[in-house]
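In: Sharing a model prediction with you, sequence too.
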Amino acid sequence: MTICGRDLIAKCDSIAKFSESSSDTTRTFLRPAMHQVHDFLGDWMRSLGMQVTIDAAGNLRGLHQTAPASARRLLIGSHLDTVPAAGAFDGVLGVVLGVAIVEALKDIHLPLDIEVIGFSEEEGVRFGVPFLGSLALIRKLDQTLLALSDRQGISVAEAIRQFGLDSNQINGATVHPPTIGYLEFHIEQGPVLEHLNRPLGVVEAIAGQSRYRTEFAGAANHAGTTPMHLRRDALAGAAEWITSVEAQARGIGGLVATVSAAHSEPQAGNVIAGVVRTSLDVRHASDEVRRHAVDEMLQQASQIANRRKLSFKADLSLDQSSVMMDLFLTSLARRACLETGCEAPVMISGAGHDAMIIAQEIPSAMIFLRSPGGLSHCPEESVLSGDVDLALAAGIHFVREFSNH
Ligand code: HGY
Ligand code: MN
Ligand code: MN
């Protein structure tokens with residue numbers, strides 16, 4: 001009896017319990033909770049006869065070998081880390097569906113191998129830079145990234161060692177040749193498929209993104225004795241900028257801009273904020289539109305800071321170009337969805353995904369599952385079991401069709 005959508009949702013719910021927080025699902029780069037995820041998924045993989053390894057970047061890798069050693073290989077996967085207070089499906093569902101496809105096809109002789117991968121880090125929460133796991137696969141997890149440190153001053157390399165891995169072996173954490181294709185299932189994380197009443201979609205391109213850390217600095221002072229005209233209020237300056245960013249983004253079709261992760265100091269209601277640090281996240285399918293919008297937003301911040309006698313600085317943590325998915329694999333994915341009775345719309349992904357990294361070296365495709373309420377990056381994130389059934393069936397069709405090419 002083939003495993004079904006309800007079983008896969010149950011597995012995602014079980015994995016969601018593995019967290020560095022006692023009150024919600026939070027699983028950042030190679031924290032101890034990731035060992036539990038590796039054990040849970042590794043046991044399932046081993047029960048299917050898969051060879052299970054953890055590479056030096058902390059990626060979980062399960063190989064289903066059916067062809068001779070030099071066989072071609074299809075990579076299926078997504079990420080296992082989460083944002084703070086996450087849902088149960090962002091990333092994890094793509095890995096669970098990969099293993100389920102192997103389970104469904106394990107007794108069928110395929111002329112290619114299937115590797116299922118659970119990337120160690122895609123969200124960029126712990127070190128401020130995303131895609132550390134998939135960057136390793138294309139040999140871009142370099143010394144600069146390995147030297148990045150988190151709020152406790154622990155570097156990526158040290159975090160790898162603390163997890164029990166050898167960061168000196170990072171060059172071994174690459175894609176195994178000849179991997180000739182990558183397929184990532186992922187929840188849409190937006191409202192489009194629900195609005196179209198479609199269970200599945202396919203991705204033609206993943207929007208590029210700019211991520212910055214910003215800082216406004218003025219002068220902390222007494223909230224009761226400092227007249228308004230003598231203040232250098234960093235929080236008031238940041239607030240003026242944040243509303244200007246929102247207004248600018250509303251005026252540019254297809255652009256989204258988010259100022260978040262704000263932290264002001266000192267944290268006291270009777271003290272004027274002397275320093276405010278925030279994040280800035282800007283995305284658009286066109287790199288030119290995105291970069292122009294970012295330039296304008298940063299200029300606006302400097303003008304506001306000058307007028308208010310504040311200082312302003314912005315440190316770039318990511319400039320990721322938009323990435324096209326492979327036309328052939330995307331059309332194959334659409335046909336696979338059609339085999340299940342789904343007319344999958346072709347979409348742009350506003351969310352970033354490991355596929356945008358892997359696609360730089362390997363033809364890649366993404367299949368989206370509907371997000372009820374368009375909700376994601378929150379505990380209310382969900383999927384419909386019928387949609388997961390259809391995604392599994394589409395994945396089986398995709399593998400069969402792909403292995404014949
Ligand atoms: O933020 C994103 O684009 C994705 O959820 N990592
Ligand atoms: Mn995410
Ligand atoms: Mn994701």
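Out: Noted; the coordinates are in hand. Residues are numbered from 1 along each chain as shown. Ligands and ions are numbered 1, 2, ... in the order given.

In: The helix or strand hosting residue 11 - contacts with which helices or strands?
Out: Element membership of residue 11, judged by DSSP states H and E, is helix 5-16. If you count contacts as 3 or more C-beta pairs under 8 Å, 6 or more residues apart in numbering; DSSP states H and E, helix 5-16 packs onto helix 33-47, helix 92-105, helix 385-403. Heads up, the C-betas are built off the backbone N, CA and C, glycines and all.

In: of all these, which lies closest to residue 57?
Out: Among those, the nearest to residue 57 by C-beta to C-beta is helix 33-47 (11.8 Å).

In: Just the angle for the closest one relative to helix 5-16, thanks.
Out: 140 degrees (axes from the mean of the first three to the mean of the last three C-alpha atoms, to 10 degrees).

In: Please identify the most buried of the helices and strands packed on helix 5-16.
Out: helix 92-105 (a mean of 25; mean count of other C-beta atoms under 10 Å).

In: ok so, going back, list the buried ones in the helix holding residue 11?
Out: By neighbour count with 16 or more other C-beta atoms under 10 Å, helix 5-16 contains the buried residues 5, 7-9, 11-12, 15-16.

In: ditto for stretch 266-277
Out: In stretch 266-277, counting by 16+ other C-beta under 10 Å, buried: 271-277.

In: quick revisit: average pLDDT for the helix holding residue 11, rounded please.
Out: Mean pLDDT, helix 5-16: 98.

In: next one: stretch 275-286
Out: For stretch 275-286, the mean pLDDT works out to 97.

In: For ligand 1, tell me whether that stretch is touching it.
Out: No: Stretch 275-286 lies out of reach of ligand 1 by C-beta under 6 Å from any ligand atom, never closer than 7.4 Å.

In: buried ones in that stretch?
Out: So for stretch 275-286, counting by 16+ other C-beta under 10 Å, buried means 275-285.

In: so which of those residues would you say is closest to residue 152?
Out: Nearest to residue 152 among the buried residues of stretch 275-286, with distances taken as C-beta to C-beta, is residue 277, at 17.1 Å.

In: For that closest one, give me its contacts.
Out: For residue 277, the contacting residues are 213-215, 261-264, by C-beta atoms under 8 Å, 6 or more residues apart in numbering.

In: Narrow these to those in strands?
Out: Using DSSP state E, the members of the contacts of residue 277 that fall in strands are 213-215, 261-264.

In: Quick one: name the residues of the stretch 1-150 of the chain near ligand 1.
Out: 122-123, 130.

In: From these, pick the one nearest residue 365.
Out: Residue 365 lies nearest to residue 122 out of those, by C-beta to C-beta, at 17.3 Å.

In: Surely the closest one is in contact with residue 94?
Out: No: applying C-beta atoms under 8 Å, one finds residue 122 not in contact with residue 94, separated by 10.2 Å.

In: Quickly list what's touching both of these two.
Out: By C-beta under 8 Å, 6+ apart, the residues touching both residue 122 and residue 94 are 78-79.

In: contacting residues around the spatially closest residue to residue 316 that is not a sequence neighbour?
Out: Among residues not flanking residue 316 along the chain, residue 212 sits closest, at 5.6 Å (C-beta to C-beta, 6 or more residues apart in numbering). Contacts for residue 212 (C-beta under 8 Å, 6+ apart) come out as 279-280, 294, 298, 314-317.

In: so residue 86 sits right up against residue 378, yeah?
Out: Yes: if you go by C-beta under 8 Å, residue 86 and residue 378 touch, sitting 7.5 Å apart.

In: between those two, who's got more neighbours?
Out: The neighbour comparison of residue 86 against residue 378 (other C-beta atoms under 10 Å) goes to residue 86, with 25 against 13.

In: what number of residues lie near the residue lying closest to the more buried one once chain neighbours are set aside?
Out: Excluding its sequence neighbours, the residue lying closest to residue 86 (C-beta to C-beta, 6+ apart) is residue 25, at 4.7 Å. When neighbours are defined as other C-beta under 10 Å, residue 25 has 24 of them.
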